[in-house]
Each structure stands twice: as C-alpha cells, then as structure tokens.
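1. sequence and predicted structure below; questions after.
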Amino acid sequence: MNTCAADEDSEALEKRFSASFEQLDLDPHIQYSALTAYRRFDSAGGLSSAGGDDAALEWLCCSVYSELQRAKIEDIRAEAKQGGDSANYAGEVTKGNCWNLSLTRLLRSFKVNVSRFLRRMQHWNWLAQNEEAFQQEVEELRRRLGITMILLQHYKRIFQQIFVLPGDDSDADALAMHQSLYEFGWLLFLVIRNELPGFVTSNLVSGCQVLVCSMDLLYVNALEVPNSEVIRRDFAGVPSKWTSSDFDDVILHKYSALEAIGALIPELPMKGVIQMKNAFFHKALMVLFMDQSLLGDDTHMREIVKEGMLDVNLSTLNRKYSSHVADISEMDERVLLCCQESKEKAKDTKASPKPAPSPCSTPSHKRLLAQRLPQKLTASIVGSLEKEDDGNSAIVHVEQSLSSLGQKFTDAVKDFLDPAKAEERFRLASGFYYHFLEKIVASEVAQKPRLMIGHLLQQRTLNETLLVCCLELALHIQDERIMGLGFPFILDCYSLDAYEFQKILEVVVRHDQGFLGRELVKHLHAVEEKCLESLIFRKNSQLWRSLGTQDCLPGYQMVQAEGKENGSTAAGICLRKFYGLASRRLLLLCKSLCLVESYSQIWHLAEHSFTLKRGELLRQRHLDQLLLCAIQLHVRLEDLRITFSLIIQHYRRQPHAQSSIYRAVSLDEGLTGDIIRFYNRVYVRSMASYGRQLHCNQSLKSEPQKDLNVLQEASPNQRRMRWNICVSSPPPPKICLRGSCSSIPTQSTSTSPMTSKPAANLKRTLSHKEPREMRGPIILRRRTSFE
C-alpha cells in the first residue's frame, strides 16, 4: 500500500471513530500509531469482519491501549536512566505523558466491556508480538481485577449487615446518608489500599484484612451520628446503650467493632486483621489525615462522617483517587460499585418489572417537581398591574417574551431533545420563572413602595436573564448527563452575555428561601464560578464596556474600598466576587505545593496580571491560567526546585481542574498554544519587570516553612494544629494591600528592555523538540510513602 493510500485509510478510520478519539483528546502521534497498527493487522478485514463496528471498536481500543502502554514504559525507562538528577530534571521539559488517563476512561470512550477487552488483548499481544513487560501489565491487571471483584462482593455483604436502608417514608437526609456511606466506604477502602506498599495488598487475604479495617473505621464513625436510621440495630457491633439518650460519644474514641465485622468473613483469621491494622493500616490512615485527604479528628480517627463531614471527605477522597488512576495501567474501580448495582437492578427488573427511574430521581428534585408551579403571573402581581396605566401591556409583554424565548429554546435543543421533551423542560423553567418573579417583585416593592411594576416587568434584561437561569436549572434537573446541554450552552442559545447573566444568580439565590434545595443552589454557585473564572472575560463581554475609559482593571484594594463605601457598581460587585474566587483557588494551590508562606508574594503577581492594561492578560483567557503562571514566575524568581509540570500536577488535583487550561491557551492574533508557550511568549514579557522589582513586606516577615516528615513523631496537639483544619484551623494568609508593598511600575513594552527581552532564567526551559501540546505530568503507579 502506498503512502497516499495509507493516509487516506487513516483519515477514513479517524472520521469513522472520531467520537471516541474526541473524548480522549489523544496525542496526535499516539492516535496515528494506533490507527496504523490497527490497519496493518486488519489489512484483509480479518479483525472486524465478524463483529462489524463493535468488533472494530474493541480492536482499535486494544491498539490505542498498546501505544499508550508503550509510551509509558519508554518514559519510565528514560526517567530511570536520568538517575534522579533533580537539578537537570528541573530544567528539562516534561515529555508528552499521554498515558496519564485511566484505563476506565479509555474503555468508556470505546464502549468496551473490561472482560471483553482483556480477552481481546491476549490476541492483540500475540499479533503485535509485544514484549514481556507489556504482557505482564495486562496479566497484572487481570489478576487485580479478579481480586477486586471478590472484595467487592465481601464489601456489599458486610455493608448490608451493618447498615440498613431507610424506608421510602423516611427522611430524605437519611436516604442520602445511606447512599453516601455506601459510596464512601468503597472509596475509602480503595484509597487506603493504594497508600499501602504493593507486597501488602498483592493477594486476596491481605485485601480482605484491609477491607475489614476500613469497614470498622466507617462503622464506628457512622455511630457518631446520634440515633442514625442507617445503623442496623441488631448487628453485634452496636455498643451497649448506643440508642439511649445518655450515651456518651467519648466512648467511641477508643471503640472498635473489628472483631464483629471480621466475623462476617468466617474464613479470615482475626490475628492477621489485627496485625494489618497495627502494622500498616493505621500509618496509611495517618498519611490521609496529614495531607488533608481526610478531615476530622486525627487523634482518634473520628469525626469523618458527622456534621456534614461525609460530603467533604467524599469529595476530597474522590479527587485523590482520580489523581491516582490517571494512568493507563490503572482501572477506576469506583465504577465497579455502580456496574454491579446496575446488573442486579436489571435482574430485579426482569423478575418484577418496575418503572425505570427518571433522571430527576433525587429526593430534593422529587419534592420540587411535586409542587404545583405557576404558569402565569400570580394574582398579586396582576392585581398591582391593574392599578397602573400600562399594566395590561406589561402582562402582554411578559407572555409574548416567554413565547418567543420558548421557540428559540426548542430550535436550539433539537439536536439533543425531541419537541415534547423540550416543551416539558421549558414548562418547568416557566414555573420557576413565575415563582421567582413574584418573590423579586415583592422584595422590590417592599424597598420602593412607589415602584411601577409594569416598567420593571418590561425590562428585557430581567426577563431574559431570569428565564435563562431557570432553564439552566431545568436542564440540570432533567438532562444533567447530556454533555452538550451543560453550561454555558444556555448562554450560547440566547447569545446572552455572561457578565449580565451572573447578576441574576445572586438575586435568585437570595430569594430562594429553601425552595430549590441545597443541591440546586450549589449548582448555581458552580455556574457563577464558571462565569467569574473566564466567561466574563470574553472579548465582547459587557464588563469591558462597563469599565469605561479606566486605564486598568480595578484591583483588589479598589473594589474592597468601593464596597465599604456602600456605593458599589455592578462591575465592582462582580470583581469582588472574582477576587474572592482567585484568592481561594490560589490558596488551595499554595497549600498543595507547600508555598503558603509565599502566598502574598504570589498574590501580588497574580493581581498585577489581572489589572495590567485594562485586563489584557485576562481577555479570552482563564483565571487558572494566570494563577499557574504567577506561581511559575515566583518559582523562577526565587530559584525554587519546583517544575512547571509539578505545578500542573497539583493543579490537576483541584476539583475545578480542566486539561484545556494548560493545553489550549490563547496567544496573540487568535492563535492558541500550551501554557508553556503562553508563559514564555506572552506572560513573562508583560510581568518580568514587575516581578523583579516586587518586595512584599508580608512575605519577608513570614517564617520559612519547616520540612514536615510524615514519619516524624509529634504530639496529638501538634498534629491537630499542624494538619487538621477541622480541629484547629490556622487562618488563611491575609491579602496584603499594595500600599504596604513596593514595585517599580512596569514600563511600556516598547521602551522597556526587560519586557521586550526577558531574562532567560525567568523562562520555562524548552527542548528543541517542543511538543505541540503539553501533556499531563508523570504520575508513576503505586508509589507510596512506605516504599
């Protein structure tokens, strides 16, 4: 086959399976190699002839997996040859670690069952004559998966014998508690097992020992919730007098149900379980407390479930585990819990047919949808409008506006929803709209008794932004799983400016009064963050017009002062929220990188990058991109041994992290590149002079951070003060005002030699083979503090 024909075949294959490739965001070289290998082995149609597209997807999945594994093995060998020379390593660019994605994500993208995949891989290894190390990876995966499936069965059986599912008439919080405990217990076991050295968890017996220890920890912490409905009262591990009102919680500090839980696996000797707990489990648990992956009382290993801590710890452990499985050798074993449940529900459905659960099946959503929502202006508003001269025209205006907006919505979602479902979503949103409109009007009239309601209702911005907010809620309730309908789809649907839209979010939350429920209010906060982090900084944003002729974006000190004077403009309120979000995210990154003592210095760099030349660096870019660059600039200025790849690795652990943040950054003249190119070509040129001249008094006063050794002995009080923010949390570092710090003002680019030609030591070093895209950082498998 000639080269042209090969390229045509490769292009045809790529188009045929484009959906799978798009979900993975593969390195172009990996994608090309995988397609080439597949085409070579399928030259005569031997691979896909039997099963059509399904078989082709399975074989192509094997080909992609092989290329990713090959890249990983080469990277690890190259790192080993470096001999751990950190000084040289810090100056080199990280290779394209394209294998930093979980096997589960690969299988999901190609819609391949893991058992089927493993069978196909045996044949593929034979076809490709893969080396022994490669084949051992597949066998190790098969062995681990087999052990985990057995452990999952034990987990489910133990959970059912120590906890009980509350009845349908029980409180919604009790049902949510049971589900959260179920997810948390399995996740806790997986995370702790990954913290242990490989030789401890290499067989089924030791896996069962770790599982029993994890279940004991989960169960005793659940007992701290007084009279919890989810505790099975007839289980042998329930403490005496636990159900009585005078039960002393302090007893639980040293309480253990280890023997009672261990007895649920009769063939497992208790002596080995106790040895596992004392020798390994307790140390691994301490590591989780010390790196704040678990929050609670680290002295007694308690308070990880009660008083809202369950949701917090579920979130932090999920982030930690997601980071661990960002490796092509790793299976995301969280999904096994869901897969098993789905299979069992399918069997139950065949035995006794039941209606399929709707997407809006959460208790809070059911309660909300059970209410009778208004579908027209309420009587109180209509009565007030009848007293005004233009009242009837306001009523007609509202009805016509909603009709027009409804038709536009139906047209926009036709690729995702049929007309009946689109109408159902819009009807739900209309109910929300009329509900909140009544609350908003009543509040405005209370503050301004002479307000003309008709004029208020005919404001286009109010009607459109409120309805769009309500549509976002309706889509989140009904169609959260449809990626194409996720925010900011609804803004694009109406060509609505994010700066104008974010104003209504606070108004809706302020008038909610428990109507929507915690989950939907939380979603609105997440939507607001998306607006503040990037959408309000689009090129045509109304924010830029609202700033008028100001030479720079108002800084943190300016918008704070404006707020204290009670004369806040809409832009000032928006920017105060933006600076608050920036401060929280920067603090999280500084904590993760052990740079809290340098927070103030880095904050000044970040703030200057925001305000420079009317927000020039923020236009068409993302808040996180400038925060990452601010940290990198500080690292280069202080000559710290922290690589850009390490900064990105810690960023990827944040709940809001996205790979596009460091892979696709807007450069000049509409071009995009990875964050290294942006840092070298744009950021340093604008920020170098300011960074060199910056002297932050607060940073100079800070004491140097001590080296904290995981194995270092410390008293319980010291550990609480040092690590556990829930027991005794040190206050976050203050954002010092610019007046207390000094820096020579940045000169214009045309006149400053520093900005036109930055010093080499501030740049991120690049090799002559600079990658087209920057990949995720190296995350080597199963490397723990015990090894």
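-> Perfect, thanks for sending it.
2. over to the nearest residue to residue 185 once chain neighbours are set aside. Which of the three states is it?
-> Nearest non-adjacent residue to residue 185, counting by CB to CB, 6 or more residues apart in numbering: residue 218, 4.6 Å away. Heads up, the C-betas are built off the backbone N, CA and C, glycines and all. Of the three states, residue 218 takes helix under DSSP: H, G, I helix; E, B strand; the rest coil.
3. now do stretch 125-134: distance to the chain's middle.
-> The chain centre lies 36 Å from the centre of stretch 125-134; the measure is CA atoms, centre = their mean, to the nearest Å.
4. for that stretch, list the C-alpha coordinates in PDB.
-> Only the C-alpha atoms of stretch 125-134 are listed here, as PDB (Å, rounded to 0.1, in the frame of the first residue of the first chain):
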ATOM      1  CA  ASN A 125      -0.400  -9.200  22.300                       C
ATOM      2  CA  TRP A 126       0.100 -12.300  20.100                       C
ATOM      3  CA  LEU A 127      -0.500 -10.300  16.900                       C
ATOM      4  CA  ALA A 128       1.800  -7.400  17.900                       C
ATOM      5  CA  GLN A 129       4.400  -9.600  19.500                       C
ATOM      6  CA  ASN A 130       4.500  -7.200  22.400                       C
ATOM      7  CA  GLU A 131       7.400  -7.500  24.800                       C
ATOM      8  CA  GLU A 132       7.200  -9.500  28.100                       C
ATOM      9  CA  ALA A 133       6.900  -6.400  30.300                       C
ATOM     10  CA  PHE A 134       3.900  -5.200  28.300                       C
END
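5. just to revisit the earlier point, pLDDT wise, what is the residue nearest to residue 185 at?
-> Predicted confidence (pLDDT) at residue 218: the value is 97.
6. likewise residue 530?
-> What the model reports for residue 530 is a pLDDT of 96.
7. what is the burial count for it?
-> 17 (other CB atoms under 10 Å).
8. specify the local secondary structure of the closest residue to it other than its chain neighbours.
-> Excluding the flanking residues, the one nearest residue 530 by CB to CB, 6+ apart is residue 487, at 6.0 Å. When classified by three-state DSSP, residue 487 comes out as coil.
9. where's residue 500, which helix or strand?
-> Per DSSP states H and E, residue 500 falls inside helix 498-510.
10. helix or strand right after that helix?
-> Next in sequence after helix 498-510, counting helices and strands by DSSP H and E, comes helix 518-533.
11. residue 505 and residue 438, how far apart?
-> Distance from residue 505 to residue 438, counting by CB to CB, to the nearest Å: 18 Å.
12. next one: residue 428
-> The spacing between residue 428 and residue 438, counted by CB to CB, is 17 Å.
13. pull the contacting residues for the residue nearest to residue 185.
-> Residue 218 makes contact with 181, 184-185, 188, 305 under the criterion CB atoms under 8 Å, 6 or more residues apart in numbering.
14. then residue 186?
-> Contacts of residue 186 were listed using CB under 8 Å, 6+ apart, and they are 152, 155, 334, 337.
15. by mean pLDDT, which helix or strand of the protein comes out lowest?
-> Sorting the helices and strands of the chain by mean pLDDT, DSSP states H and E puts helix 753-756 at the bottom, at a mean of 34.
16. hmm, residue 289 and residue 195 touching each other?
-> No: applying CB atoms under 8 Å as the test, residue 195 and residue 289 come out as separate, 11.4 Å apart.
17. so for these two, which residue has more residues nearby?
-> Using other CB under 10 Å, the more surrounded residue of residue 195 and residue 289 is residue 195, with 25 against 21.
18. ok, now how distant is the more buried one from residue 331?
-> Residue 195 is 17 Å from residue 331, by CB to CB.
19. got it, and residue 271?
-> Distance, residue 271 to residue 331, by CB to CB: 31 Å.
20. neighbour count winner among these two?
-> residue 331 (18 against 9).
21. that one belongs to a strand?
-> No: applying three-state DSSP, one finds residue 331 to be coil, outside a strand.
22. quick check: closest non-adjacent residue to it.
-> Spatial nearest neighbour of residue 331, excluding adjacent residues (CB to CB, 6+ apart): residue 103 at 5.1 Å.
23. could you do residue 412 as well?
-> For residue 412, ignoring the flanking residues on the chain, the nearest one in space by CB to CB, 6+ apart is residue 493 at 4.1 Å.
24. isn't the one you found right up against residue 407?
-> No: between residue 493 and residue 407 there is no contact under CB under 8 Å: 11.7 Å.
25. who's more crowded, these two?
-> Each of residue 493 and residue 407 has its neighbours counted (other CB under 10 Å); residue 493 has more, 18 against 11.
26. distance of that one relative to residue 425?
-> Using CB to CB, residue 493 is found at 12 Å from residue 425.
27. try residue 184
-> Distance, residue 184 to residue 425, using CB to CB: 32 Å.
28. what of residue 23?
-> Using CB to CB, one obtains 25 Å as the distance from residue 23 to residue 425.
29. can you check residue 264 too?
-> Going from residue 264 to residue 425 by CB to CB gives 46 Å.
30. between the two, tell me which one has more neighbours.
-> Neighbour tally, residue 264 and residue 425, criterion other CB under 10 Å: the higher count belongs to residue 425, 23 against 19.
31. so that one makes contact with residue 416?
-> No: applying CB under 8 Å, one finds residue 425 not in contact with residue 416, separated by 10.2 Å.
32. can you list residues touching both of these two?
-> Listed as contacting both residue 425 and residue 416 by CB under 8 Å, 6+ apart are residue 479.
33. you'd agree residue 614 is up against residue 548?
-> No: Residue 614 is not in contact with residue 548 according to CB under 8 Å; the separation is 10.2 Å.
34. compare those two (neighbour count), which wins?
-> Counted by other CB under 10 Å, residue 614 and residue 548 do not tie: residue 614 has more neighbours, with 14 against 7.
35. okay, buried residues for the host helix or strand of residue 589 please.
-> Taking DSSP H and E as the definition, residue 589 sits inside helix 570-592. Using 16 or more other CB atoms under 10 Å as the test for burial, helix 570-592 gives 571-579, 581-583, 585-590, 592.
36. kindly report the same for stretch 260-276.
-> Within stretch 260-276, the residues that count as buried by 16+ other CB under 10 Å are 260-262, 264-265, 268, 273-274, 276.
37. from these, pick the one nearest residue 57.
-> Proximity of the buried residues of stretch 260-276 to residue 57 was ranked by CB to CB; the top entry is residue 265 with 39.2 Å.
38. nothing else from me, thank you.
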